[in-house]
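S.K.: sequence first, predicted model second:
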Amino acid sequence: MIQRTTRMEVMKYLETSMDTFLDTFLKPVEEIWQPTDFLPVSNHPQFINEIQEIRELARGIDDDLLTVLIGDTITEEALPTYEAWLMDIEGVDQGEKHGWSAWMRAWTAEENRHGDLLNKYLFLSGRVNMREVEITTQHLLRDGIDIKTAKDPYRSFVYTSFQEMATNLSHRRVAVLAKNSGNNALAKMCAFIASDENRHATAYKQFVEKIFTLDPSEMMLAFEDMMRKKIVMPAHYMRESGGKIGELFGHFSDAAQRTMVYTTQDYIDILNSLLKSWNIDKIDGLSDKAQVARDYLMNLPNRLQRISERISIAPANHTFKWIYG
């Protein structure tokens, strides 16, 4: 155990194992799936017929589910913002080609395929106003994010652990709903994306787990701080053409709640999962302040559960510009 650690010391220590993290949680470029593996090949004789099949099946997608799929796509397409944030946290040297910078770039490269695949699918579906989607994506990139982590790696890895679990869940649920409607192609796309997100979540959770062994009190305080602020989704500034910053995200969240793709209960379940994964109730060597933070964290799920029971599901009262008709 490192004594009297600083965040920089912890990051440097973890960086010595980065090659192992890369080999364990990310896949070689030549072996991992690519978007074209799931889409019609343009020089194939059945190209037009395959596009027509995509369009026919897309007609059966519920409007709320399609809204969620579009919002998930836009979230994935705002990847440059997320990479810029991660490359700027303490302990990451953008000028290096190894260590943390290698992780951030390799993670970005895997994530980049998600938006690419879903964007192409939406374009081919014939149900989506792609110009409106592109406007929302451009706005989101211009408006950025404010996830309350600053440059702190501890808070950042709490956020990424939570967020990657949430995106895994969202994509997996869309896959199930798509399969239930007979859209096996879309189900397969979303299932593969969810699998990536699950690997990434496991990696970030392991980063936090190791930090708890090196700097338990500061890691506990960082975890508490993030949960007090609440984990906001990276697309919380989402808007449509002519709209104000952030005003669309609530409508998108309502659609996710109505479809049960991502709910208030899921937020609580993810928190419970992290508390269990990191053995929060069993961590030793905490300062008095960190022990108070742990008590807050252990009591938080029940508190959120009581609040969630008073929340009602909003009706579909917004017409998204993203969807034709």
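M.R.: Thanks, I have it. Numbering: from 1, shown residues only.

S.K.: where in this protein is pLDDT low?
M.R.: The chain contains residues with pLDDT under 70 at 1-4.

S.K.: can you give me the helices in it?
M.R.: 7-15, 18-25, 47-58, 63-77, 79-87, 99-125, 130-143, 153-180, 184-214, 216-229, 249-259, 264-277, 288-308 (DSSP state H).

S.K.: need these in a markdown table (columns: distance to Val41).
M.R.: Using the backbone N, CA and C atoms, a C-beta is placed for each residue, glycine as well. Shown next, in a markdown table, are those (distance: least, C-beta to C-beta, whole Å):
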| stretch | distance to Val41 |
| --- | --- |
| helix 7-15 | 41 |
| helix 18-25 | 30 |
| helix 47-58 | 6 |
| helix 63-77 | 21 |
| helix 79-87 | 25 |
| helix 99-125 | 12 |
| helix 130-143 | 21 |
| helix 153-180 | 22 |
| helix 184-214 | 14 |
| helix 216-229 | 44 |
| helix 249-259 | 31 |
| helix 264-277 | 36 |
| helix 288-308 | 46 |
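
S.K.: beta-bridge partners for the closest residue to Leu66 other than its chain neighbours, please?
M.R.: The shortest distance from Leu66 to any residue other than its chain neighbours is 6.0 Å, reached at Ile323 (C-beta to C-beta, 6 or more residues apart in numbering). Note on Ile323: beta-bridge partners Val128, judged by DSSP bridges.

S.K.: contacts for stretch 88-97, please.
M.R.: Defining contact as C-beta atoms under 8 Å, 6 or more residues apart in numbering, one finds that stretch 88-97 is touched by 7-8, 10-12, 15, 86-87, 99-102, 104, 149, 151-153, 156.

S.K.: now do the contacts for Ala256.
M.R.: Applying C-beta under 8 Å, 6+ apart, we find Ala256 in contact with Val68, Gly71, Ser170, Tyr262, Thr263.

S.K.: from these, which is closest to His139?
M.R.: Gly71 (13.1 Å; C-beta to C-beta).

S.K.: state the distance from Gly126 to Leu66.
M.R.: As judged by C-beta to C-beta, to the nearest Å, Gly126 and Leu66 stand 12 Å apart.

S.K.: ok, back up a step: of all the contacts of Ala256, which two lie farthest apart?
M.R.: Gly71 and Thr263 (14.6 Å).

S.K.: who has more neighbours out of those two?
M.R.: Just comparing Gly71 and Thr263: by other C-beta atoms under 10 Å the higher neighbour count belongs to Gly71, 27 against 19.

S.K.: which residues are in contact with the more buried one?
M.R.: Applying C-beta under 8 Å, 6+ apart, the residues near Gly71 are Ala235, Met238, Phe252, Ala255, Ala256.

S.K.: wait, which of these is closest to Ser277?
M.R.: Using C-beta to C-beta, Ala256 comes nearest to Ser277 of the contacts of Gly71, at 23.8 Å.

S.K.: for Arg258, what are its contacts?
M.R.: Counting by C-beta under 8 Å, 6+ apart, Arg258 touches Asp64, Ile313, Ala314, Ala316.

S.K.: the first one: neighbour count?
M.R.: Applying the criterion other C-beta under 10 Å, we find 19 residues in the vicinity of Asp64.
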